[in-house]
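Participant: Generate coordinates for the sequence data below:
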Amino acid sequence: MSSALTVHAPDGIGEVAEGTDLGALVAQVCELADGDIVTVTSKVASKAEGRRVAGDRADSLAAETQRVVARRGPTQIVRTRLGLTMAAAGIDNSNVTAGEHLLLPVDPDASARRIRETLLSLTGRNVGVVITDTAGRAWRNGQTELAIGASGLLVLEEFGGQVDSYGNPLAVTAPAVADEIASAAELVCGKLGGRPISVVRGRSDLVHPAGEHGTGAAVLNRADGEDLFGLGAREAVLAALVQRDRIAFGTPSAPDDLAVALAELDPSGSVQVTGDSLSWQSSQPELTAGSVVVRALAHAHGWHPSDGPVPGYVNFLRTVP
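Facilitator: Prediction:
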């Protein structure tokens with residue numbers, strides 16, 4: 001791993017039209033070396049692939065949305081068909097004619113592969129390729145770049161099982177290096193500079209041999225249900241109450257987790273855990289298996305409530321996936 005990194009974004013690229021061969025364009029404007037990493041913005045990839053759409057943006061948003069994660073007024077954070085969680089499904093209204101908008105590439109990893117293969121054919125250089133896009137982050141103001149497509153690149157470094165300089169074992173240390181490269185590129189590309197392509201040099205250790213495309217950037221997306229924040233706060237309450245979007249709450253909780261939640265709901269109640277089942281005696285007569293509150297709590301934890309053998313008891317069984 002190099003101790004220095006350089007990023008160059010060429011000027012003078014101009015407007016990218018549908019049908020533009022991005023690999024040929026990169027070869028024309030960039031001097032490449034083996035081990036370089038080429039970044040291309042999703043905007044120009046979308047333009048080249050004919051993802052420019054005229055008409056109602058709301059229709060496009062609905063088509064690109066797998067499910068809504070959170071909604072605040074006109075703003076929607078959604079999980080897209082690509083597995084990304086983004087505002088407005090990544091639909092872009094900038095740098096297009098009024099009344100038009102850009103959808104993300106159909107398959108950003110495939111877009112990156114095509115560019116990489118073209119560059120190898122035209123220049124003989126073995127490089128990695130990253131398709132970048134802009135996204136906000138939970139708990140932080142502002143936006144950064146991330147990799148939505150990649151080819152020929154190790155996108156996620158794994159340090160789990162290794163030991164640091166103090167002898168401490170590393171358990172969950174896994175830098176998303178493709179995202180870090182995307183953000184580094186943005187520092188020189190900019191939003192208004194007309195520089196949608198960059199060459200990052202200094203991390204050839206991340207680039208796979210020619211012909212090996214790697215996992216792509218899709219592995220950076222958590223599977224639906226694995227994220228601890230699969231719904232916004234308001235949306236989670238509603239989903240539990242109306243018994244929908246079960247997957248967004250993740251895998252069914254452990255019995256002890258449900259027992260803790262029931263104790264918060266009714267501190268005077270009593271819980272008995274037996275294997276994969278749980279029996280609860282509430283001190284509040286209205287908290288039955290059929291009550292909205294109990295059903296919502298059970299739904300959020302991945303369990304199903306039913307009437308117990310005697311009045312005042314509720315049995316819980318894990319919901320079958």
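
Participant: A89: neighbour count?
Facilitator: With neighbours defined by other C-beta atoms under 10 Å, the count for A89 comes to 24. Placement of C-beta: from N, CA and C, glycine included.

Participant: Name the nearest residue to it, sequence neighbours excluded.
Facilitator: Distances taken as C-beta to C-beta, 6 or more residues apart in numbering put E64 closest to A89, at 3.8 Å, once the chain neighbours are dropped.

Participant: could you check the distance from the closest residue to K47 other than its chain neighbours over to R140?
Facilitator: Among residues not flanking K47 along the chain, V16 sits closest, at 4.6 Å (C-beta to C-beta, 6+ apart). For V16, the distance to R140 equals 31 Å [C-beta to C-beta, to the nearest Å].

Participant: Neighbour count for these two, which is higher?
Facilitator: V16 (20 against 8).

Participant: so what pLDDT did that one get?
Facilitator: pLDDT recorded at V16 is 94.

Participant: Quick check: the residue nearest to A89 touching G83?
Facilitator: No: under the criterion of C-beta atoms under 8 Å, E64 makes no contact with G83, lying 11.8 Å away.

Participant: Give the residue from the two that has the larger number of neighbours.
Facilitator: A direct count of neighbours by other C-beta under 10 Å for E64 and G83 places E64 higher, at 19 against 15.

Participant: distance of the more buried one from E18?
Facilitator: Applying C-beta to C-beta, the value for E64 to E18 is 19 Å.

Participant: same check, this time on G136
Facilitator: Relative to E18, and taking C-beta to C-beta, G136 is found at 29 Å.

Participant: Please apply the same query to E49.
Facilitator: Distance, E49 to E18, by C-beta to C-beta: 7 Å.

Participant: and if you look at A88?
Facilitator: Applying C-beta to C-beta, the value for A88 to E18 is 22 Å.

Participant: For these two, indicate the residue with more neighbours.
Facilitator: Counted by other C-beta under 10 Å, A88 and E18 do not tie: A88 has more neighbours, with 20 against 11.

Participant: Go ahead and confirm the more buried one touches R71.
Facilitator: No: in this structure A88 lies outside contact range of R71 using C-beta under 8 Å: 11.1 Å.

Participant: Distance-wise, check the residue nearest to K47 relative to V29.
Facilitator: Using C-beta to C-beta, V16 is found at 12 Å from V29.

Participant: before we move on, what about G167?
Facilitator: Remark: distance between G167 and V29 (C-beta to C-beta) = 48 Å.

Participant: Which one's more surrounded, those two?
Facilitator: V29 (16 against 6).

Participant: give me every residue that touches the more buried one.
Facilitator: 10, 12-13, 197 (C-beta atoms under 8 Å, 6 or more residues apart in numbering).

Participant: Pick out the most distant pair among these.
Facilitator: Using C-beta to C-beta, the contacts of V29 span at most 10.9 Å, a distance reached by G12 and I197.

Participant: who's more crowded, these two?
Facilitator: Each of G12 and I197 has its neighbours counted (other C-beta under 10 Å); I197 has more, 22 against 7.

Participant: The more buried one touches T39, doesn't it?
Facilitator: Yes: contact status for I197 versus T39: in contact at 6.9 Å, counting by C-beta under 8 Å.

Participant: Spell out which residues are contacts of both of these two.
Facilitator: Counting by C-beta under 8 Å, 6+ apart, the shared contacts of I197 and T39 are C189.

Participant: Give me the below-cutoff pLDDT ranges for the chain.
Facilitator: Applying pLDDT under 70 to the chain flags residues 160, 172, 320-321.

Participant: Grab the longest strand from it for me.
Facilitator: If you go by DSSP state E, the chain has its longest strand at strand 140-151.

Participant: Can you tell me the strand partners of that one and which way each runs?
Facilitator: strand 128-137 (antiparallel) (DSSP bridges).

Participant: List the buried residues for the partner strand?
Facilitator: Across strand 128-137, burial judged by 16 or more other C-beta atoms under 10 Å covers 128-135.

Participant: With distance to A174 as added columns, please give these in a markdown table.
Facilitator: Listed next are those as a markdown table, based on distance: C-beta to C-beta, whole Å:
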| residue | distance to A174 |
| --- | --- |
| G128 | 18 |
| V129 | 21 |
| V130 | 17 |
| I131 | 21 |
| T132 | 20 |
| D133 | 21 |
| T134 | 23 |
| A135 | 19 |
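
Participant: R234: which of these is nearest?
Facilitator: For the buried residues of strand 128-137, the nearest to R234 is A135 (21.1 Å; C-beta to C-beta).
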